[in-house]
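*Asks:* model this:
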Amino acid sequence: MTTMAIVRPDVVHLPGAIPVQFACTCGQLKPITRIYFCRHCLKLRCGFCVCHEIDSIYCPNCSENMPSQEARFKKNKCSNCFECPVCNHTLSTRATPAPQRNPDDKTSPRKVYYLACLSCRWTSRDVGIPDQLVPSGNWPERENVHATRLTLIQERYRNLVLWEKHEKQDKQRKKYSPRGKYTNLTDKIGITTAIARKRAGLPELPSVKPTIKQLEPAIAKEEVEPLSSDIFTKVLNLNDITTLPQRLLQPEQQPATVDKLFPNHKSTLVKRSQRCRNCEHNVSKPEYNPNSIKFKIHLLACYHVPDVRLFTVEPLRAGRQCEMILKFCNPTQHQTTITFLPLPTPEEERMEIEKQIEEALEVVEKRDAPRSLGRESILTSFTKQVSLPEDPRPVGIKVNCNINLPSTSVILPPKDEAAEYDDGGDVQNYQDDPNVVLWRKFNKVTVKMQITPHEDLEIGTEVIVGFTMQHTYMNTITTENKEPKKINHCAKIYIKAGHLVGSE
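*Replies:* This next block holds a predicted model:
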């Protein structure tokens, strides 16, 4: 039996808001669209509980991939694309006929190209940049007057790093000198930094220690240029003065007037993959092609955990029972059963955190166990990024409202994309309690709950209610017997029901 929910005029609706948030293992509260679900350790992970890795670096305008070394050399800038120095929009290359010196010449005129912004109408001609004969011409760039000194400073610090690496390698060689029955250095100490770099395919350090040159210290000038005599009487036109963001985009020059703004190279973007810090499995991995919006692995929680939305809630009054209607949606291809449980007490939450810490330590110890000295193991241990699991913490938000949870479970059928276009109606034979389930259609259902804000709350206080949602999850990861395993997964849900109003 299914009934339709009646929308009353005295009920507060919250369209477009995201009042429902899920609790991560690290204590952060995030909406379901910003939380990952690791199918291996069966935990909810937020952006702080995953390790971010760079997959590819590309230009967002021309979609050109570039290696990390090239991106570092170009300072993460694209050499072919430019941004407007006034409004930061992408500049377009425009063509125009070149002026002819001989008016009697009837040959087709040549074309010249310049940069133009289609948003603010800024052009490269405004700052005196000459037109180019090819659309992908080498546009002139303003030279930095401090380029020589900056190069010397970079070279000095680079030599300092190499010198420290040499010192560390010499200390290692002297400390672990082969003695007695050991035939080589690896038999005694396992592996050194130099051997690891050689086996990993990284460039070796130079055999000779680099010499560190002393730079001339910068000396402050005692005399500065005097201000012009008409600085207080001259009429100031703010349209000719650059703003602070425009100056910060060109830190080498920091032009004070608009006529000295040069085009900025387009900054590159990265495609990231997220990895669980506990089990080190990928929860998100995009395609390598910059034009592709697909993901090889995209384990968002909204694809595996039932979505919860605040449908309606009555006006909230202190000490009075109010009705709250929640909408649940099953995003998976398997039937799930939802059971409503109260939030754990502080003592239970503390014991749960201690248990999670022990499990994380066992995983880390197993992962960092000593490996053999084979080439594959050395390459893996040397090149793999070390990730530390995030410590679980209690949720920092306080609940100030009591909730009467339904004692019966609610069954959600699997998601059927074709059923949404079926005009014949939805025929479901579920024996639902009419006092709990108000409406059901396909994989969606609305559940009625009773909440009571605390009596000591003041008017205007935000009412927060929470409960634990236990749902059945079908783990489809291949196991030893190669059969899907059904488990009970719990998620803590906190709902901002609204603000407290006065009595009638």
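*Asks:* For residue 51, see how far away residue 277 is.
*Replies:* 5 Å (C-beta to C-beta, to the nearest Å). Heads up, the C-betas are built off the backbone N, CA and C, glycines and all.
*Asks:* who's more crowded, those two?
*Replies:* Between residue 277 and residue 51, residue 277 has the larger neighbour count (other C-beta atoms under 10 Å), namely 21 against 18.
*Asks:* Next, give phi and psi for residue 356.
*Replies:* Per-residue torsions, residue 356: phi -70, psi -40 (degrees, to the nearest 10).
*Asks:* so what's it closest to, chain neighbours aside?
*Replies:* Nearest residue to residue 356 in three dimensions, chain neighbours excluded: residue 392, at 4.5 Å (C-beta to C-beta, 6 or more residues apart in numbering).
*Asks:* What's the local residue count around that neighbour?
*Replies:* Neighbours of residue 392 (other C-beta under 10 Å): 20.
*Asks:* Identify the residues contacting it.
*Replies:* 25, 26, 27, 352, 353, 356, 357, 360 (C-beta atoms under 8 Å, 6 or more residues apart in numbering).
*Asks:* Would you confirm that the third one contacts residue 356?
*Replies:* No. Applying C-beta atoms under 8 Å as the test, residue 27 and residue 356 come out as separate, 11.4 Å apart.
*Asks:* so how many other residues sit close to residue 329?
*Replies:* Neighbourhood size, residue 329 [other C-beta under 10 Å]: 15.
*Asks:* typo on my end, residue 43
*Replies:* Residue 43 - counted by other C-beta under 10 Å - has 19 other residues nearby.
*Asks:* Spell out the residue ranges of the helices in the protein.
*Replies:* Counting by DSSP state H, the chain has helices at residues 68-73, 147-175, 185-189, 193-199, 244-248, 346-367, 375-383.
*Asks:* where among the ones you listed is the average confidence lowest?
*Replies:* Mean pLDDT is lowest for helix 375-383 out of those, coming in at a mean of 40.
*Asks:* Look through every helix and strand of this protein and give the one with the lowest mean pLDDT.
*Replies:* helix 375-383 (a mean of 40; mean pLDDT, DSSP states H and E).
*Asks:* related to what we said a few turns ago, which among the contacts of residue 392 end up buried?
*Replies:* 25, 26, 27, 353, 356, 360 (16 or more other C-beta atoms under 10 Å).
*Asks:* And the furthest pair within the residues you listed?
*Replies:* Using C-beta to C-beta, the buried ones among the contacts of residue 392 span at most 14.6 Å, a distance reached by 27 and 360.
*Asks:* do you know how far the closest residue to residue 401 other than its chain neighbours is from residue 496?
*Replies:* Of all residues not flanking residue 401 in the chain, residue 465 sits nearest, at 4.3 Å (C-beta to C-beta, 6+ apart). As judged by C-beta to C-beta, residue 465 and residue 496 stand 8 Å apart.
*Asks:* more crowded one of these two?
*Replies:* residue 465 (24 against 18).
*Asks:* in the sheet, who's paired with that one?
*Replies:* residue 495 (DSSP bridges).
*Asks:* quick one, strands of the stretch 251-400 of the chain?
*Replies:* For the stretch 251-400 of the chain, the strands defined by DSSP state E, counting those that start in this stretch cover 264-267, 269-276, 282-286, 295-298, 307-313, 322-329, 336-341.
*Asks:* Could you dump those into CSV with distance to residue 439 added?
*Replies:* Shown next, in CSV, are the strands of the stretch 251-400 of the chain (distance: least, C-beta to C-beta, whole Å):
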stretch, distance to residue 439
strand 264-267, 49
strand 269-276, 36
strand 282-286, 33
strand 295-298, 30
strand 307-313, 9
strand 322-329, 9
strand 336-341, 15
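*Asks:* what about those strands, which gets the closest to residue 68?
*Replies:* With C-beta to C-beta as the criterion, residue 68 lies closest to strand 269-276 of the strands of the stretch 251-400 of the chain, at 9.6 Å.
*Asks:* which other helices and strands contact that closest one?
*Replies:* Strand 269-276 is packed against strand 36-38, strand 50-58, strand 282-286, with contacts defined by 3 or more C-beta pairs under 8 Å, 6 or more residues apart in numbering; DSSP states H and E.
*Asks:* for stretch 136-156, how far is the first residue from the last?
*Replies:* Using C-alpha to C-alpha, to the nearest Å, one end of stretch 136-156 lies 36 Å from the other.
*Asks:* Give me the buried positions along it.
*Replies:* So stretch 136-156, judged by 16+ other C-beta under 10 Å, has buried residues residue 139.
*Asks:* That one: how far from the chain's middle?
*Replies:* 33 Å (C-alpha atoms, centre = their mean, to the nearest Å).
*Asks:* Number the residues from 315 up from this point.
*Replies:* Okay, using 315 as the starting number, the last item reads as stretch 450-470.
*Asks:* Other residues contacting it?
*Replies:* Residues from elsewhere that reach stretch 450-470 (C-beta under 8 Å, 6+ apart): 394, 396, 407, 427, 429, 438, 443-444, 446, 526-527, 529, 566-567, 576-577.
*Asks:* excluding its backbone neighbours, what's nearest residue 627?
*Replies:* The shortest distance from residue 627 to any non-neighbouring residue, by C-beta to C-beta, 6+ apart, is to residue 638 (4.6 Å).
*Asks:* Tell me how far the one you found lies from residue 370.
*Replies:* For residue 638, the distance to residue 370 equals 46 Å [C-beta to C-beta].
*Asks:* Looking at those two, which has the bigger crowd around it?
*Replies:* Set residue 638 next to residue 370 and count neighbours by other C-beta under 10 Å: residue 638 wins out with 24 against 20.
*Asks:* quick one: that one and residue 630 touch, right?
*Replies:* No. At 9.2 Å, residue 638 does not count as touching residue 630 under the criterion of C-beta under 8 Å.
*Asks:* Find the residues that touch each one of the two.
*Replies:* Common contact partners of residue 638 and residue 630 (C-beta under 8 Å, 6+ apart): 765, 811.
*Asks:* what about residue 382, how many residues close to it?
*Replies:* Neighbours of residue 382 under the rule other C-beta under 10 Å: 12.
*Asks:* Against residue 392, how distant is it?
*Replies:* Applying C-beta to C-beta to residue 382 and residue 392 gives a distance of 15 Å.
*Asks:* My guess is residue 601 contacts residue 587. True?
*Replies:* No. Counting by C-beta under 8 Å, residue 601 does not reach residue 587; the two are 10.6 Å apart.
*Asks:* quick one: which of these two has more around it?
*Replies:* Legend: neighbour count by other C-beta under 10 Å for residue 601 and residue 587, higher for residue 587 (19 against 14).
*Asks:* bridging residues for the residue lying closest to that one once chain neighbours are set aside?
*Replies:* Among residues not flanking residue 587 along the chain, residue 599 sits closest, at 4.3 Å (C-beta to C-beta, 6+ apart). Beta bridges link residue 599 to residue 611, judged by DSSP bridges.
*Asks:* Who are the contact partners of residue 599?
*Replies:* Going by C-beta under 8 Å, 6+ apart, residue 599 touches 369, 587, 588, 609, 610, 611, 612.
*Asks:* Now those in a markdown table, please, with extra columns for distance to residue 351.
*Replies:* Listed next are the contacts of residue 599 as a markdown table, based on distance: C-beta to C-beta, whole Å:
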| residue | distance to residue 351 |
| --- | --- |
| 369 | 21 |
| 587 | 16 |
| 588 | 12 |
| 609 | 14 |
| 610 | 16 |
| 611 | 12 |
| 612 | 11 |
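*Asks:* If anything else comes up later, I'll come back, but that's it for now.
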